[in-house]
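> got a predicted model here, sequence first, then my questions.
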Amino acid sequence: MQAEAMEHEGPASKRIVTGYGFWIFLLSDIVMFSCFFAAYAVLLGQIAGGPKGSELFDLRSVAAETAFLLLSSFTCGLAMIAADLRDARWYQLGMAVTCLFGLGFLALEFREFADLVGRGAGPTRSAFLTSFFTLVGCHGAHVSAGILWLLTMMAQVFAKGFRADIMRRLLCFALFWHALDIIWVAIFSVVYLIGSAA
Amino acid sequence: MLGKLDWSAIPIDQPIPLVAAAVVLVAILGVLGWALVKGYMPYLWSEWITSVDHKRIGVMYVLLASVMLLRGGSDAIMMRAQQAIAYQSNGYLPPEHFNQIFSAHGTIMIFFVAMPFVIGLMNLVVPLQLGVRDVAFPTLNSVGFWLTATGALLVNVSLVIGEFARTGWLPFPPLSELTYSPGVGVDYYLWSLLISGVGTLVAGINLVTTVLKLRTRGMTYLRMPMFCWTTLASNLLIIAAFPILTATLTMLMLDRYFGFHFFTNEAGGNMMMFMNLIWAWGHPEVYILVLPAFGIFSEVVSTFSSKSLFGYRSMVLATMAICVISFMVWLHHFFTMGAGPEVNAIFGIASMIIAVPTGVKIYNWLFTMYGGKVRFTTPMLWAIGFMVTFMLGGLTGVLLAVPPADFVLHNSLFLVAHFHNVIIGGVLFGAFAGYTYWFPKAFGFRLHEGLGKAAFWFTLVGFYVTFVPLYAAGLLGMTRRMQHYDVAAWRPWMIVAGIGTILLTVAIVFQVLQLAVSIRHRAQLRDTTGDPWDGRSLEWATSSPPPAFNFAISPDVRGEDAYWDMKGHAKQRLLEPKEPEYRDIEMPRNSPTGFVCAFFAAVMGFALIWHIWWMVALGGIGAFATFVVFAWRDHDEYIIPAAEVARIDRANIEERRKLVSLAGSP
Ligand code: HEM
Ligand SMILES: [Cu+2]
């Protein structure tokens, strides 16, 4: 009887609850991305007489984007270590670098989109391009939101220090930022590699 | 400046929506004015609108659902009246108005009645059943509720400003594309669902985290009440399915706003993709709604049979099985669209397999009643009415899942009868059972039994008189959504169905009356014990209504039927009354974040519908600013001192002592 009652210790700590809830949110976000991936897969061949992926994608620029994003994840990790050590200076530096890499990624993506539109290959050209712009653009929108969040977190730590609730938010932010990486890897493989082969 | 909005958006020439809107407006202004005059506004603001207490939020969800039920119900009455008189005549509704009504009716009933009702009950009850103080994310909970209310608001705004969709409760392209639906109706649909969908997702994350991470000491998975299990299953489905809805509606939105080609006829768009996506959400959605109802029936049947639930573990297994299988059957909604016989056969069989765990549940409820001391209270009547009615709905569902039969019955009134059979007989009966069952817990007094029973009988009979004719008319070949018709054989059935609607209206009147009368006689109906039904789970262990912190001392659970167990042991414990050690309790502070955020979301949604771009930006910035301000605050909790906790708890225990001497066997 006593042993049975010990099976479950009661409510988890706030940090675990927050992290757990955020994980679930990320899963739901990934489900949403899956729909856009599925749409891309379905519409890949629907070029309506327009250009195909292989005629459009510039893999060098995509490789640079990938590098920026992966590096930003690395610096984000460093910033989190600094936060764990309560080192404000290194934390702010790490976050700032993360922000710059993120902005660099967005700039490259923007250039790619502008270039495609300029060549008459905008999202309204064909169903294939519609799904391409939506999937990649949705990721880009997430990165933009992430940067907004990142700046807010920098300001919060600056104003209030490493308070417990701010640390919990940082945990969520880091999870979010890394998840964007994972999704990008999928985009890289499915959209660019498979897309330029098709 | 105002985008597409101008005076022509207001339908001056159409009396029905204008009168309806005027009535609604007068009602809202009346309530507001009354609250203002009586000086209730500060109370409403600080105790309800900004509340982050899961019980209050739950009550507000149910209130929203009830109000919207009246709105959706009026639509239903109008449709049945139209079809009852529209034999070889135009009836009284112009076709485009009829189309808006059936679209609004379906949308409202699923998204703004059934969903908020079950989410409200889950919010109210689950933390209590788990023995915890609140949900995992209280402020987020309030945001979720108010976003849902925003969606409902936008649907109702469409009544006066502009129009609503004419495309059905699921806007199938290409009809819903700009080419065929150039007005703002579909945009109203899209934005109200996109906004309220976020609210639903938030509620789902909140409840799943609560169930998985916050249970009180000793509350292992296999000791959770059945309602917590079905809540878990239903909210897992929300998390997995609602992002699909969001993605799908976003694609349609992009098509309409920016000329994209996801589902268009031109440039390679694929509208079958919409079918697949929307039903990959849509079929799980029906289980999101009905699983919590199953949970309610489990609680009700076990309480009023004074027996623990028969086959608890098989019930858990059946719930989780339904949770998984419901994702594998979506294609049965478009058997007729040419996927080929093999695919159809596979999905047909998969659909029928769902009937197996559902059958397990029905048997378990019957065996729970068998040999028990059954008390025929109002919630129990709803439960029994459900078992009979839902069987019929399940059977016709299995029939529809036979592809050749579906080729005949698809999009007929037979289908309409099927899903009303399961949604009214399942979800709505469950909602009403839960409402009467938990009402005393939420407000501290019971509802009037006699009027409740009258409401039940009128609903039950009204349901059959309304929907059995639809089965018949469907078998006679009548398709759904007809504005008028020329087939004499259908006419008598339409008239009978119209009469059934009158009975259902009477039932609603009884529901309203029950509430009003009960509030009047609340002194006699007062529940001082906290346990008016001789309940079995932890929500009955605290007073009615529960204090803000739910439990003075976090309960320690020793077995299934936690509270029943405690009542059994309590007799000995009361002989040597040792006071527990009371501690200060930290509770989350109320916050206007949810309301303010929803306000900006409403502004943004309205602006998006009418293409007022500066206002869109304003709404977006406002919502973001709200979050930053919220994140910036320094004190998000307040302390309830131990002395206060002790005072509240002693009073509760005193009442309970009287009860224990009367309690049943352990
Ligand atoms: C034994 C279980 C069930 C089976 C085998 C089943 C089967 C079906 C099938 C085959 C259809 C498509 C008919 C057609 O379009 O031709 C359908 C439609 C529908 N079902 Fe069920 N069903 C079951 C349970 C439920 C439950 C529990 C609910 C709700 C709580 C539900 C709600 C609906 C709705 C809303 C539709 C109509 C959607 C529309 O076209 O507008 N069903 N069902
Ligand atoms: Cu289905």
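Looks like it came in fine. Ligands and ions are numbered 1, 2, ... in the order given.

> hey, which helix is longest across chain A?
Longest helix of chain A, by residue count under DSSP state H: helix A:127-160.

> got the contact list for the closest residue to ligand 1 within the stretch 501-650 of chain B?
Of the residues in the stretch 501-650 of chain B, the one nearest ligand 1 is B:Leu504, at a distance of 18.1 Å by C-beta to the nearest ligand atom. C-beta here means a position set from N, CA and C on the backbone, and glycine is covered the same way. Counting by C-beta atoms under 8 Å, 6 or more residues apart in numbering or on different chains, B:Leu504 touches B:Gly73, B:Ala76, B:Phe458, B:Thr459, B:Gly462, B:Phe463, B:Thr466.

> and the gap between A:His22 and B:Ala203?
For the record, residue A:22 is Phe, not His. 16 Å (C-beta to C-beta, to the nearest Å).

> coming back round to it: check which residues of the longest helix of chain A are buried.
Applying a neighbour-count criterion of 16 or more other C-beta atoms under 10 Å in any protein chain shown, one finds A:127-136, A:138-140, A:142-143, A:146-147, A:149-150, A:152-154, A:156-157 buried in helix A:127-160.

> ok, stretch B:25-32 next?
Residues of stretch B:25-32 include none that count as buried (16+ other C-beta under 10 Å).

> where does the chain dip in pLDDT?
Picked chain A for this. Confidence mapping of chain A against pLDDT under 70 gives the ranges A:1-6, A:198.

> should've been chain B
Applying pLDDT under 70 to chain B flags the ranges B:570-578, B:658-666.

> give me the number of residues near residue 195?
Chain wasn't specified; assuming chain A. The number of residues packed around A:Gly195, counting by other C-beta atoms under 10 Å in any protein chain shown, is 20.

> that's the other chain; I wanted chain B
If you count neighbours by other C-beta under 10 Å, B:Ile195 ends up with 23.

> likewise B:Val461?
The burial metric for B:Val461, expressed as a neighbour count using other C-beta under 10 Å, is 15.

> how about the one 3 residues further on?
Other residues lying near B:Tyr464 total 17 when counted by other C-beta under 10 Å.

> surely it touches B:Gly500?
Yes - because the distance of 7.4 Å satisfies C-beta atoms under 8 Å, B:Tyr464 is recorded as touching B:Gly500.

> quick check, the residue in chain A closest to ligand 1?
Ranking the residues of chain A by distance to ligand 1 (C-beta to the nearest ligand atom) places A:Cys35 first, at 20.0 Å.

> how far is the strand or helix carrying that residue from where the chain is centred?
Using DSSP states H and E, A:Cys35 maps to helix A:14-43. How far helix A:14-43 lies from its chain's middle: 11 Å, per C-alpha atoms, centre = their mean, to the nearest Å.

> now do it against helix A:127-160, angle only.
Taking axes from the mean of the first three to the mean of the last three C-alpha atoms, to 10 degrees, helix A:14-43 and helix A:127-160 form an angle of 160 degrees between their directions.

> from the chain's centroid, how far away is the helix or strand that helix A:14-43 is followed by?
Using DSSP H and E, the helix or strand that follows helix A:14-43 in sequence is helix A:53-56. Relative to the chain's own centre, helix A:53-56 is displaced by 24 Å; criterion: C-alpha atoms, centre = their mean.

> what packs against helix A:53-56?
Identification of packing neighbours for helix A:53-56 by 3 or more C-beta pairs under 8 Å, 6 or more residues apart in numbering or on different chains; DSSP states H and E yields helix A:195-197.

> near chain B at all, the helix it packs on?
No - applying C-beta under 8 Å from any C-beta of the partner chain, one finds helix A:195-197 separated from chain B by no less than 14.9 Å.

> run through who's touching that helix.
Counting contacts by C-beta under 8 Å, 6+ apart, the residues touching helix A:195-197 from outside are A:Tyr40, A:Leu44, A:Gly53, A:Ser54, A:Phe57, A:Leu59, A:Phe132.

> what about B:Leu291, how many neighbours?
29.

> what sits up against stretch B:537-544?
Surrounding stretch B:537-544, the residues in contact under the criterion C-beta under 8 Å, 6+ apart are B:125, B:128-131, B:216, B:225, B:227, B:299, B:438, B:440-444, B:527, B:529-533, B:546, B:550-551, B:555, B:557, B:561-564, B:566, B:648, B:651-652, B:655.

> again, 6 Å this time
For stretch B:537-544, contacts defined as C-beta atoms under 6 Å, 6 or more residues apart in numbering or on different chains pick out B:125, B:128-129, B:131, B:225, B:440-441, B:444, B:527, B:530-531, B:550-551, B:555, B:562-563, B:652.

> quote the end-to-end distance of that stretch.
End-to-end distance of stretch B:537-544: 14 Å, with C-alpha to C-alpha, to the nearest Å as the criterion.

> does any bit of the helix or strand that contains B:Tyr257 sit next to ligand 1?
When elements are defined using DSSP H and E, B:Tyr257 is found to belong to helix B:226-258. No - Helix B:226-258 stays clear of ligand 1 (C-beta under 6 Å from any ligand atom), getting no nearer than 11.2 Å.

> quick check: angle from that helix to helix A:127-160?
Comparing the axes of helix B:226-258 and helix A:127-160 via the same axes, to 10 degrees yields an angle of 120 degrees.

> and residue 13, how many neighbours?
Here I'm looking at chain A. A:Ser13 is flanked by 9 other residues according to other C-beta under 10 Å.

> correction: the question concerned chain B.
For B:Asp13, the tally of surrounding residues (other C-beta under 10 Å) stands at 6.

> just to revisit the earlier point, so what does the helix holding A:Cys35 touch, helix or strand wise?
Identification of packing neighbours for helix A:14-43 by 3 or more C-beta pairs under 6 Å, 6 or more residues apart in numbering or on different chains; DSSP states H and E yields helix A:127-160, helix A:164-187, helix B:185-213, helix B:226-258.

> distance from the shortest one to the middle of the chain?
Using C-alpha atoms, centre = their mean, the mean C-alpha position of helix A:164-187 is found 8 Å from that of the whole chain.

> and the angle from it to helix A:127-160?
Helix A:164-187 and helix A:127-160 are oriented at 160 degrees to each other (the same axes, to 10 degrees).

> separation between the residue in the stretch 251-400 of chain B that ligand 1 sits nearest to and B:Leu618?
Residue of the stretch 251-400 of chain B nearest ligand 1, by C-beta to the nearest ligand atom: B:Gly397 (2.8 Å). The span separating B:Gly397 from B:Leu618 equals 47 Å under the rule C-beta to C-beta.

> neighbour-wise, which of the two wins?
In terms of neighbours (other C-beta under 10 Å), B:Gly397 is the more surrounded of B:Gly397 and B:Leu618; the figures are 22 against 15.

> thank you, goodbye.
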